[in-house]
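# sequence below, structure please.
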Amino acid sequence: MSVEDAPQGERLQKVMAAAGVASRRVSEQLIVEGRVTVNGQVVTELGRRIDPENDKLAVDGTAVQLDTSRRYVMLNKPVGVVSSMRDEQGRPDLSRFTSEFAERLFNVGRLDAETSGLLILTNDGELAHVLAHPSFGVTKTYIARVRGQVTPQTIARLTRGVELEDGPISADRARLLQGGGGANDSLVELTLHSGRNRIVRRMMAEVGHPVIELVRRQFGPLHLGTLKVGAMRDLTKEELGKLLTISREGSADSADSAER
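You can find the predicted model right below:
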């Protein structure tokens, strides 16, 4: 066989095993059962070869990362740390968390210095763009301790919308957490997809309940869980698959819009 006639790419089941999806034998079963897609097309033949650098693989509709050079880390950012890799004012920044990694990581979106909670660090620029840009509709959920006793009418106003200096804004969801507040404060959970600066603090101030403490608990499909403040962990394969699926769908929608 000449070089020109040699098969191109790698066997699909070998690529799946290398990506940690399953063993080769189980990967073959997944292929035969029609649960694997390459570039959106179902593949059922075991002899299929793919290019791991360019082809998009998914199993049961969930994206699989084939590029082992990509890193995805969840950080529970402490209060007092700015969302920057290098702060010109000398304040504590994210470099203290990323310096231990061989990869050059950067943050997806921002949390202001006074806000703690879930922040994603990665070296995947395409995923970062989709997750951070509000047009793709990735939601974030915050828990805010605010001054005063929040009423159901105020919760309704947050979802109906309030007028800020840079335009109207409404929460995707809002609810009062019972038993979480004290005599002079309340706990409110807000979910929104806006990327506007200090948006939760400004919304709560507008309805007369300034924020005392703010934590981001969720980012898209990711949950902070029991991760301690200042701690980090790699995303699980399940979490990463969900994020990559969102990223690929967002990128595809952008491409379709551009063509139209």
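# and the helix or strand residue 157 falls within, what does it pack onto?
Per DSSP states H and E, residue 157 falls inside helix 152-160. Counting contacts by 3 or more Cβ pairs under 8 Å, 6 or more residues apart in numbering; DSSP states H and E, helix 152-160 is packed against strand 173-177, strand 185-192. Every residue, glycine included, has its C-beta placed from N, CA and C.
# select, out of the ones you listed, the one closest to residue 70.
Evaluated over the helices and strands packed on helix 152-160, closeness to residue 70 peaks at strand 185-192, with 27.6 Å, by Cβ to Cβ.
# averaged pLDDT, that closest one. What do you get?
Throughout strand 185-192, pLDDT has a mean value of 96.
# tell me the SS of the nearest residue in space to residue 213 that is not next to it in sequence?
Leaving aside its sequence neighbours, residue 213 sits nearest to residue 145 (Cβ to Cβ, 6 or more residues apart in numbering; 4.2 Å). Per DSSP: H, G, I helix; E, B strand; the rest coil, the local secondary structure of residue 145 is strand.
# could I get the pLDDT score of residue 145?
On the pLDDT scale, residue 145 gets 96.
# what pairs with it across the strands?
Per DSSP bridges, the residues bridged to residue 145 are residue 187, residue 213.
# residue ranges of the helices in the stretch 1-150 of the chain, please?
Ranges of helices in the stretch 1-150 of the chain, per DSSP state H, counting those that start in this stretch, are 12-18, 24-32, 95-98, 125-132.
# now do residue 202 against residue 55, distance only.
Computed with Cβ to Cβ, to the nearest Å, the distance linking residue 202 and residue 55 is 44 Å.
# let me fix that, I meant to ask about residue 238.
For residue 238, the distance to residue 55 (Cβ to Cβ) stands at 21 Å.
# among the helices and strands packed on helix 152-160, which comes closest to residue 39?
strand 185-192 (32.9 Å).
# the closest one: which residues count as buried?
By 16 or more other Cβ atoms under 10 Å, the buried positions in strand 185-192 come out as 185, 186, 187, 188, 189, 190, 191, 192.
# before we move on, what about stretch 72-88?
Here stretch 72-88 shows 72, 73, 74, 75, 76, 77, 81, 82, 83, 84, 85 as buried, counting by 16+ other Cβ under 10 Å.
# wait, the fifth one sits on residue 231?
Meaning residue 76. Yes. Using Cβ atoms under 8 Å, residue 76 is in contact with residue 231, at 5.6 Å.
# who are the contact partners of the closest residue to residue 72 other than its chain neighbours?
Distances taken as Cβ to Cβ, 6+ apart place residue 235 nearest to residue 72, at 4.4 Å, with adjacent residues excluded. Neighbouring residues of residue 235 by Cβ atoms under 8 Å, 6 or more residues apart in numbering: 72, 73, 74, 222, 243.
# again with residue 215
So residue 215 contacts 115, 116, 117, 142, 143, 144, 224 (Cβ under 8 Å, 6+ apart).
# partners of the second one in the sheet?
When bridges are assigned using DSSP bridges, the partners listed for residue 116 are residue 215.
# so it versus residue 230, what's the distance?
Counting by Cβ to Cβ, the gap from residue 116 to residue 230 is 9 Å.
# repeat that for residue 78.
For residue 78, the distance to residue 230 equals 5 Å [Cβ to Cβ].
# same check, this time on residue 66
From residue 66 to residue 230 the distance is 32 Å (Cβ to Cβ).
# those two: which is more packed in?
Neighbour totals were compared for residue 66 and residue 230, and residue 66 leads with 20 against 13 (other Cβ atoms under 10 Å).
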